[in-house]
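Trainee: the amino acid sequence is not available; the structure is as follows:
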């Protein structure tokens, strides 16, 4: 058997690999996959139905016209929103040393945003009242539920958490040099567009497609990252 050309180099490499924290690769790959899957699932859920929600009446009518798609889209969206939390935390990890305060803020907001996964259950409720009640009664029940202040105290922080938290996480990773400017700009543009154009039929799908591309771009970068670089971030 031929001896290694440079035993010292081999020994140093083995020692360096052994020094990596346990589970480094698992966390890196898991974070990368959450980045790829989260945006794709959010966008896919909105593409499943031509959701018209400019008024409560059209929202309920959509629930009747596309019942199956609405219910399955809610499931897809639920998991997409859930995966946005580990996705944001992955980006935060990459830039936590460069911008610690912003990274912490992004982490807290992303945590609040995870609550949005539960809010999508309202689609199931909307389908039920739209199917079982006359239109006027269904509309009155839905508007009454929407008028409660407590509903806004749950929904608004969750929406802001998802939008602002993910955008800040992208900025943190970019400032640390972990991701390029392009996906950061795409992601921010997509979330801002989604928040401002949510009442359109296809615009929510188009804007979240930008988010999906941005997060998947970052996910591929993390997936291709060396374990040593990830561990040192």
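Mentor: Looks like it arrived, so ask away. Not measured: the values here are computed from a predicted model.
Trainee: so which residue is smack in the middle of the chain?
Mentor: residue 84 (2.8 Å; CA atoms, centre = their mean).
Trainee: mind listing what's buried along stretch 177-193?
Mentor: Across stretch 177-193, burial judged by 16 or more other CB atoms under 10 Å covers 178, 179, 183, 184, 186, 187, 188, 190, 191, 193. (Glycine included, C-beta is placed from N, CA and C.)
Trainee: in contact with the first one, which residues are there?
Mentor: With contact set as CB atoms under 8 Å, 6 or more residues apart in numbering, residue 178 has these partners: 91, 94, 95, 221, 233.
Trainee: what kind of secondary structure is it in?
Mentor: Recorded secondary structure, residue 178: coil (DSSP: H, G, I helix; E, B strand; the rest coil).
Trainee: next one, pLDDT for it please.
Mentor: Model confidence at residue 178, expressed as pLDDT, equals 93.
Trainee: cool, and the fourth one?
Mentor: At residue 184, the model reports a pLDDT of 97.
Trainee: how about residue 189, what does it touch?
Mentor: Contacts of residue 189 (CB under 8 Å, 6+ apart): 207, 210.
Trainee: distance of it from residue 213?
Mentor: With distances taken as CB to CB, to the nearest Å, residue 189 is found 11 Å from residue 213.
Trainee: roughly how far is the longest helix seen in the chain from the heart of the chain?
Mentor: Longest helix in the chain by number of residues, with DSSP state H as the criterion: helix 67-95. Remark: helix 67-95 is offset 5 Å from the chain centroid, using CA atoms, centre = their mean, to the nearest Å.
Trainee: what helices or strands is that helix leaning on?
Mentor: For helix 67-95, the contact count by 3 or more CB pairs under 8 Å, 6 or more residues apart in numbering; DSSP states H and E identifies helix 24-47, helix 100-113, helix 116-119, helix 122-132, helix 149-175, helix 203-224 as packing neighbours.
Trainee: buried residues, the second one. List them.
Mentor: Spelled out, that is helix 100-113. 102, 103, 105, 106, 107, 109, 110, 112, 113.
Trainee: residue 25: how many residues sit nearby?
Mentor: 12 (other CB atoms under 10 Å).
Trainee: and for residue 138?
Mentor: 22.
Trainee: do you know the pLDDT at the spatially closest residue to it that is not a sequence neighbour?
Mentor: Counting by CB to CB, 6 or more residues apart in numbering, residue 129 is the residue found nearest to residue 138 once chain neighbours are left out, at 4.5 Å. For residue 129, the model assigns a pLDDT of 84.
Trainee: cool, thanks, talk later.
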